[in-house]
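*Asks:* for reference, the sequence and a predicted model appear below.
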Amino acid sequence: MECTAICPINKKVDKYRIFLKSEKIIEVEKIKDLLQKMERKEIFQEDLTRVVSEKLGATVSIEGMHSGVFVRSTCP
């Protein structure tokens, strides 16, 4: 799935691909609600990965491009 967030450095919208892995069922509505809240926040990719992982209780990997550099963050 995809989501966006605002870069705290340049204030531009960053687009991310998110991958979730969980032993339990996570309601789609809960995922969508959380990601919609995040798209209005200024947050670094690494912090976004941690927050999503903690809120959903899942292993989360997020991929994005920053200044032409591909970054993949995973938590936990």
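*Replies:* Everything's here; your move. Treat the numbers as computed from the prediction; the structure is a model and nothing was measured. Numbering: from 1, shown residues only.
*Asks:* please enumerate the helices of the protein.
*Replies:* Ranges of helices in the chain, per DSSP state H, are 28-38, 45-56.
*Asks:* so which of those is nearest residue 76?
*Replies:* The closest of the helices of the chain to residue 76 is helix 45-56. By C-beta to C-beta, the value is 6.1 Å. From N, CA and C alone the C-beta is placed, and that goes for glycine too.
*Asks:* other SSEs contacting that closest one?
*Replies:* With contacts defined as 3 or more C-beta pairs under 8 Å, 6 or more residues apart in numbering; DSSP states H and E, the packing partners of helix 45-56 are strand 13-21, helix 28-38, strand 59-66, strand 69-75.
*Asks:* what comes up buried for that helix?
*Replies:* 45, 48, 49, 50, 51, 52, 53, 55, 56 (16 or more other C-beta atoms under 10 Å).
*Asks:* swap in stretch 60-74?
*Replies:* 60, 61, 62, 63, 64, 71, 73.
*Asks:* span of it from start to end?
*Replies:* By C-alpha to C-alpha, to the nearest Å, the extent of stretch 60-74 from end to end equals 6 Å.
*Asks:* understood, closing this out.
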